[in-house]
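Undergrad: I would like to see how this sequence folds:
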Amino acid sequence: METRRIVVAMTGASGAVYGVRALTMLRGLPGVESHLVVTRGARATIGYELDLTLGEVTALADVVHADGNLGAAIASGSFPAAGMLVAPCSVKALSGIATSYAENLVVRAADVMLKERRRLVLLVRETPLHAGHLRLMAQATENGAVVMPPVPAFYQRPATLDDIVDHTVSRALDLLGLDTGLTARWTGNGVTDPRAARNGSNPVGPQGILEPN
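TA: The predicted structure follows:
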C-alpha cells in the first residue's frame, strides 16, 4: 500500500481540538503518515483549551516539524505529500498563505501545496469577519486553497461537542480524499446512512428525512 503523507498544521486560533481530532483520525487510517507543525500561538492555545500537554499532542503525529525549520522536508515540493490541513487556521496564518509570505514552516508548507496543485484545506476560525478577512479568504481560494470555516452542521443531530467536532473534521478530511467512516452522508430522502447509525448518531431530520449537507 502506498503511503499517503498528510500535513497537519495547528495555529494560534481558538479550536485546538480540531487539529488534535484530525491527528487522532489520521492515526486510525491505514497507509496514512501524518506530519505535524505547531506554531507558538498554537502551543499557547493548547494550554488554554485542552487537558493535554504539548507532548501528548505531538505524540499523535508520525512526524513532527519545528515551525521555524524552513529546511524541513515538507518545505519542498519534491516531498510527496498528498495534502495539508490547517486546523485551526488563524487569520494571521491565512494572511501569510494568501500572500505567500512564507516566514514560517506552516505558510511555506501551505505555499508548496498550492504551487504543486495539491489540496490545502483551511479551517479558518474567526468571527465576525471584516472585509479584509473576506478578501484574504477570496485570495487564498483564488490561489487554490479550500477555505472551510468550522461551521457546525446539525442535521446529524449531534448529542455532544465531540459529535460536532468529529463531523467537521471528518468533512475536512473528506476534502483531502480520506474517508474516516464518521461522516453522516446524504443517501436520499428518508434514508439514513448506516455508518452514522453504527456510530450512534441520528441524521434524520424533523420530518423523518435525512437533511442534506
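Undergrad: tell me the average confidence for the longest helix anywhere in the chain?
TA: Ranked by number of residues, the top helix in the chain under DSSP state H is helix 161-174. Across helix 161-174, pLDDT averages out at 96.
Undergrad: What is it packed up against?
TA: Secondary-structure packing of helix 161-174 (3 or more CB pairs under 8 Å, 6 or more residues apart in numbering; DSSP states H and E): helix 16-27, strand 81-89, strand 119-124. Where you see a C-beta, it was placed from the backbone N, CA and C, and this is true even at glycine.
Undergrad: Name the stretch among the ones you listed that sits most buried.
TA: The highest average neighbour count among the helices and strands packed on helix 161-174, using mean count of other CB atoms under 10 Å, belongs to strand 81-89 at a mean of 27.
Undergrad: which is the next helix or strand following it?
TA: As assigned by DSSP states H and E, the chain's next helix or strand after strand 81-89 is helix 91-99.
Undergrad: all helices for the chain, in order.
TA: Using DSSP H, helices in the chain cover 16-27, 40-49, 54-58, 91-99, 105-115, 131-142, 161-174, 194-198.
Undergrad: Let me know the angle separating the second one from helix 105-115.
TA: Helix 40-49 runs at 110 degrees relative to helix 105-115, counting by axes from the mean of the first three to the mean of the last three CA atoms, to 10 degrees.
Undergrad: Adjust the sequence numbering to begin at 58 for everything that follows.
TA: Taking 58 as the first residue, the last one we looked at is helix 97-106.
Undergrad: just how off-centre is helix 97-106 within its chain?
TA: Averaged C-alpha coordinates place helix 97-106 at 17 Å from its chain's average position (CA atoms, centre = their mean, to the nearest Å).
Undergrad: The third one too?
TA: Its chain's C-alpha centre and that of helix 111-115 lie 17 Å apart, by CA atoms, centre = their mean.
Undergrad: which helices and strands sit right next to that helix?
TA: The helices and strands touching helix 111-115, judged by 3+ CB pairs under 8 Å, 6+ apart, are helix 73-84, strand 89-95, helix 97-106.
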